[in-house]
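> starting from these lines, generate the structure:
(chains A and B)
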Amino acid sequence: MSVLGSMMLLQGGGEEGAQAAGAAFEPFVPGLILLLPLLGFLTNGALALAAGRRAATVARVGGEWELPDSHRPATHTLPSLVGPGVLLAAFAVVLVNFTRMLGVELHEPVVVPYWTWIVTGTFEVAVAMQLDQLSMVMMMVVSGVGFLIHVFSVGYMKDDPGYPRYFTYLNLFVFFMLVLVAGASFPVMFVGWEGVGLCSYLLIGFWFKDRQKADAGKKAFIVNRIGDFGFLVAMFLLFVTFGTLDFVPVFEAAPEVLAYGGGLVTAVTLFLLLGATGKSAQIPLYVWLPDAMAGPTPVSALIHAATMVTVGVYMVARASMLFALAPVGSLAVAGIGALTALFAATIALAQYDIKKVLAYSTISQLGYMFLGVGVGAYTAGIFHLMTHAFFKALLFLGSGAVIHSMHYALHHTHKPWDAQDMRNMGGLRRALPVTWITMWIGTLAIAGIWPFAGFFSKDEIIWYAGAAATGPHAAWYTLFWVMALATALMTAFYMTRMMVMTFHGANRTGEAEAHHLHEAPLTMTVPLVVLAILSVFGGWINVPAALHDGWAGLFGVLPMGEGLHHWLEPMVGPATEVRAEHVGAFLEAAPLGGGELAWAAFSTTMAAVVVATAVCLVRGWRIVPATEAGEPTAGLKRILYHKWYVDELYDRIVVRPVAAGSRFLWRVIDAGLVDGIVNATGSVSRAFGLMGSMIQTGSVNTYAFILTVGVVLILAAMAL
Amino acid sequence: MITEALLLSAFLFVIGVFGVLVRRNAIIMFLCIELMLNAVNVSFVALSRVVGIDGQLFVFFVMTVAAAEAAVGLAIIISIFRHYESVDVENFNLLKW
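Just a heads-up that it's a prediction; the model follows:
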């Protein structure tokens, strides 16, 4: 972007924002939030190009690529500063805006327009940022957790030849992610939506020389395109109905324009849901996320756990007004969420790759968030999104530290073992104490043990799913509630299984390798510790009122009861009112009786029991290294190990028919019909030309004769 | 009187056409073309009796153009002769497909 453009960005923030807010909330250069990661992208991009030239030179003239720390070229030291630096600065700007917003009562979103993007007829789209409570929460998570993961990456990716390229993509991702959550209209959101998809593709296939990894990137991109189709159709429908795609006017007009439960709003919400299932890895489009683990582990933490995959939830919460008007659409969201949560949890029970366990766990937790926003508890969905960003980023980064250590050890002894297979690990707690403790915190958080963050957020979702069972579609919601409870228990089990297999028991890496196992460097452990702290205390910002004064809120000691709920009230309040108007407010009742506190106590006790049982159970297993183990043969375990054969099923019913159809179009229609017509045109012209050229003999007498005959004929014709 | 002149013109013209069609020698063909031009000149002069001085005037144009054409044509024939050592038009058949 030019200097002029950046000037416009900076000025636009101060003036326009103040007008829109009525001088109540004054945004602090919000353009800077987007501009900083973009600058980081450009700087690192230039360094990556320079590094590429150097690599080419090294390849040509020979020489050592792996240099000692002190001799690293600037292209490999500057990104360590620029990459995390711009994120820290952006986070600081977000914080300033957040504190300013904290101080005022803000009931309307502040829209900061920068320039007009599209004008055609009555359709007008401005490039504008929307600053409100919801986008503020998302920006805090993205820039804050993003910064920690950038710091972790400095340690994790240090020795990779593509180091500057890595930070280029990562900064670009954060830029698009912030565009997505800060955009003030559907098209701007869509730009971010597509941009993060692109960066996801680039980062999954970061080690593109490995065919399998490059294919995983392609798979993610193509599956996401199916979802994007839904998003686009929903946008077209909204434009036809409202004549605009800006968030504020659309959601304001929605209750009057759209009939409650009408076909139009149901169609819009279902198409939006299709878009969300693609990006957020829900059934039926979740299959790309486990494969996306081919990317570097910090990428899995940032993109495929903490931020990008949660945008479906953000989108539903953003368009909560539309979903509140569409009970069937909401039911579908909740149903898909509950089904995905349960389904992915079962697969996670039988995986051996540490990242695969976490990947399916992410899909499962995303299912919880969908269930939350589907039943109308938009705050609960966003709350779980936030706490999940903390503990899942922690767990992924922890697994990154484990893989880093394993890889280092196996690399040193040249043992061709899989560094990610948990059957090859065991007893790592002695070598990686910090990783071990922080990951246990993350595990307890995701399992929903009081008082860790996951307890409050997950419990709220389960509670609201139960409370929704008092309204219409009661049978369905009761089913979802039971599924959510079952999933919670499975979560506790597979997470504990992962922890025990990785960190406890005897070491299975082998004598020589165990020697080389080591704790990660400071750049990696510090983010782990910070995220662990957030995973403990992150849930305290939204302790439900029913729990606040009881034991679960330490008898009122935990601060900020329902803090997030009140904070997001201006954003999701109107939708909640619409919902309450038509189906009644949430009752303080669960399908089987009992209050919120009782059920919270029940689920956390059950989770704790499962964790304890799992520890004892898994410790008793006889685990052998992956090379000796082979595939599980027992019935259910085998099905789960093969992920219910969904990839194989999709291969049969989607991939192969499409490939066969494409081959038909290629061989028969294109090569046969289309090329045939084109070639026939050529051949016919050629034949005519050949005949015509017979007349041209080159003999002057012939020409003269033809000329004379022609003249005589013309004269004869004139005479007649 | 005009009839005879026009008959003479037609007779000369047909001789010219016949010569161009049957002869192979480029110079003879060239002479025949000149013959055709001058056959037309005869009819111009003859018809000027009826339609006025324009016909005779036009003859001068034809003669001028014929002179220029002769210069160019003879130059071409000479350069072809230098190449082939012959002026038989059967040899000049390269300009075709």
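> tell me the buried residues in the longest helix along chain B?
Secondary structure of chain B per DSSP state H: the longest helix is helix B:54-84. If you call a residue buried by 16 or more other CB atoms under 10 Å in any protein chain shown, then helix B:54-84 has these buried ones: B:55, B:58, B:59, B:66, B:73, B:77, B:80. Bear in mind the C-beta positions are built from the backbone N, C-alpha and C, glycine included.
> and stretch A:229-240, by the same measure?
A:230, A:231, A:233, A:234, A:235, A:237, A:238, A:239.
> wait, which of these is closest to residue B:25?
Here the nearest of these to residue B:25, counting by CB to CB, is residue A:233; it sits at 83.0 Å.
> circling back: the longest helix of chain B and chain A, are they touching?
No. Using CB under 8 Å from any CB of the partner chain, we find that helix B:54-84 stays clear of chain A, coming within 11.5 Å at best.
> give me the mean pLDDT for that helix.
For helix B:54-84, the mean per-residue pLDDT is 92.
> same for it, what does it pack against?
Other helices and strands packing on helix B:54-84, by 3 or more CB pairs under 8 Å, 6 or more residues apart in numbering or on different chains; DSSP states H and E, are helix B:26-51.
> measure how far the helix it packs on is from the centre of its chain, please.
Offset of helix B:26-51 from its chain centre (CA atoms, centre = their mean, to the nearest Å): 7 Å.
> what's the answer for stretch A:677-693, then?
Worked out by CA atoms, centre = their mean, stretch A:677-693 lies 56 Å from the chain centre.
> close to chain B, is it?
Yes. Residues of stretch A:677-693 contacting chain B under CB under 8 Å from any CB: residue A:693.
> got the CA positions of that stretch in PDB?
Presented in PDB, the C-alpha positions along stretch A:677-693 are these (Å, rounded to 0.1, in the frame of the first residue of the first chain):
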ATOM      1  CA  ILE A 677     -15.500 -29.000 -34.500                       C
ATOM      2  CA  VAL A 678     -12.500 -26.600 -34.400                       C
ATOM      3  CA  ASN A 679     -10.300 -29.100 -36.300                       C
ATOM      4  CA  ALA A 680     -13.000 -29.800 -38.800                       C
ATOM      5  CA  THR A 681     -13.300 -26.000 -39.600                       C
ATOM      6  CA  GLY A 682      -9.600 -26.000 -40.200                       C
ATOM      7  CA  SER A 683      -9.600 -29.100 -42.400                       C
ATOM      8  CA  VAL A 684     -12.500 -27.800 -44.600                       C
ATOM      9  CA  SER A 685     -10.900 -24.400 -45.100                       C
ATOM     10  CA  ARG A 686      -7.700 -26.200 -46.000                       C
ATOM     11  CA  ALA A 687      -9.500 -28.400 -48.600                       C
ATOM     12  CA  PHE A 688     -11.100 -25.400 -50.200                       C
ATOM     13  CA  GLY A 689      -7.800 -23.600 -50.300                       C
ATOM     14  CA  LEU A 690      -6.100 -26.700 -51.900                       C
ATOM     15  CA  MET A 691      -8.700 -26.700 -54.600                       C
ATOM     16  CA  GLY A 692      -8.400 -23.000 -55.200                       C
ATOM     17  CA  SER A 693      -4.600 -23.200 -55.500                       C
END
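> buried sites along it?
For stretch A:677-693, it's none, nothing buried (16+ other CB under 10 Å).
> now stretch B:83-93
Buried residues in stretch B:83-93 (16+ other CB under 10 Å): B:87, B:89, B:92.
> residue A:442: which of those is nearest?
Of the buried residues of stretch B:83-93, the one sitting nearest to residue A:442 (CB to CB) turns out to be residue B:92, at 95.0 Å.
> returning to that earlier point: quick one: the buried residues of stretch A:229-240 as TSV, columns for distance to chain B too.
Below are those laid out as TSV (distance: CB to the nearest CB, whole Å):
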residue	distance to chain B
A:230	60
A:231	60
A:233	58
A:234	63
A:235	60
A:237	62
A:238	64
A:239	61
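> which members of those residues occur in helices, if any?
Counting by DSSP H, the buried residues of stretch A:229-240 contribute A:230, A:231, A:233, A:234, A:235, A:237, A:238, A:239 to helices.
> next, give me the two most distant ones among these.
A:230 and A:239 (15.1 Å).
> coming back round to it: quick one: which of the buried residues of stretch B:83-93 is nearest residue A:281?
residue B:92 (80.1 Å).
> how about the residues of chain A near chain B?
A:693, A:696, A:697, A:698, A:699, A:700, A:701, A:704, A:705, A:708.
> got a quick ChimeraX command for the buried subset of those residues?
Buried members of the residues of chain A next to chain B, defined by 16+ other CB under 10 Å, are picked up in ChimeraX with:
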select /A:700,701,704
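> would you reformat the residues of chain A next to chain B as JSON lines and include secondary structure, pLDDT and distance to residue A:434?
Below are the residues of chain A next to chain B laid out as JSON lines (DSSP: H, G, I helix; E, B strand; the rest coil; pLDDT from 0 to 100; distance: CB to CB, whole Å):
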{"residue": "A:693", "secondary structure": "helix", "pLDDT": "86", "distance to residue A:434": "86"}
{"residue": "A:696", "secondary structure": "coil", "pLDDT": "82", "distance to residue A:434": "90"}
{"residue": "A:697", "secondary structure": "coil", "pLDDT": "82", "distance to residue A:434": "95"}
{"residue": "A:698", "secondary structure": "coil", "pLDDT": "80", "distance to residue A:434": "93"}
{"residue": "A:699", "secondary structure": "coil", "pLDDT": "82", "distance to residue A:434": "98"}
{"residue": "A:700", "secondary structure": "helix", "pLDDT": "82", "distance to residue A:434": "100"}
{"residue": "A:701", "secondary structure": "helix", "pLDDT": "83", "distance to residue A:434": "103"}
{"residue": "A:704", "secondary structure": "helix", "pLDDT": "88", "distance to residue A:434": "103"}
{"residue": "A:705", "secondary structure": "helix", "pLDDT": "90", "distance to residue A:434": "104"}
{"residue": "A:708", "secondary structure": "helix", "pLDDT": "92", "distance to residue A:434": "106"}
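> how is the closest residue to chain B within the stretch 351-500 of chain A assigned, secondary-structure-wise?
Distances between the stretch 351-500 of chain A and chain B by CB to the nearest CB are smallest at residue A:416, namely 68.6 Å. Secondary structure state of residue A:416, per DSSP: H, G, I helix; E, B strand; the rest coil, is coil.
> for it, which non-adjacent residue is closest in space?
Among residues not flanking residue A:416 along the chain, residue A:410 sits closest, at 7.8 Å (CB to CB, 6 or more residues apart in numbering or on different chains).
> of the buried residues of helix B:54-84, which pair is most distant in space?
Maximum distance among those (CB to CB): 35.9 Å, for B:55 and B:80.
> identify the residue of chain A closest to chain B, quick one.
For chain A, CB to the nearest CB, closest residue to chain B: residue A:698, 3.3 Å.
> give me the pLDDT for residue A:322.
93.
> host element of it?
If you go by DSSP states H and E, residue A:322 is part of helix A:320-325.
> go ahead and confirm residue A:597 touches residue A:548.
No. If you go by CB atoms under 8 Å, residue A:597 and residue A:548 don't touch, sitting 9.9 Å apart.
> pretty sure residue A:564 contacts residue A:542?
Yes. Using CB under 8 Å, residue A:564 is in contact with residue A:542, at 3.9 Å.
> hey, what's in contact with both of these two?
A:379, A:383 (CB atoms under 8 Å, 6 or more residues apart in numbering or on different chains).
> among these two, which residue is more densely surrounded?
residue A:542 (26 against 23; other CB atoms under 10 Å in any protein chain shown).
> picking up where we left off before, between the ones in helices among the buried residues of stretch A:229-240, which is nearest residue A:277?
Of those, the one sitting nearest to residue A:277 (CB to CB) turns out to be residue A:230, at 8.0 Å.
> for the closest one, which non-adjacent residue is spatially closest?
Per CB to CB, 6+ apart, closest to residue A:230 is residue A:274, 2.8 Å.
> residue contacts, residue A:383?
Counted by CB under 8 Å, 6+ apart, residue A:383 has contacts A:372, A:456, A:457, A:460, A:542, A:564.
> thanks again, I'm all set now.
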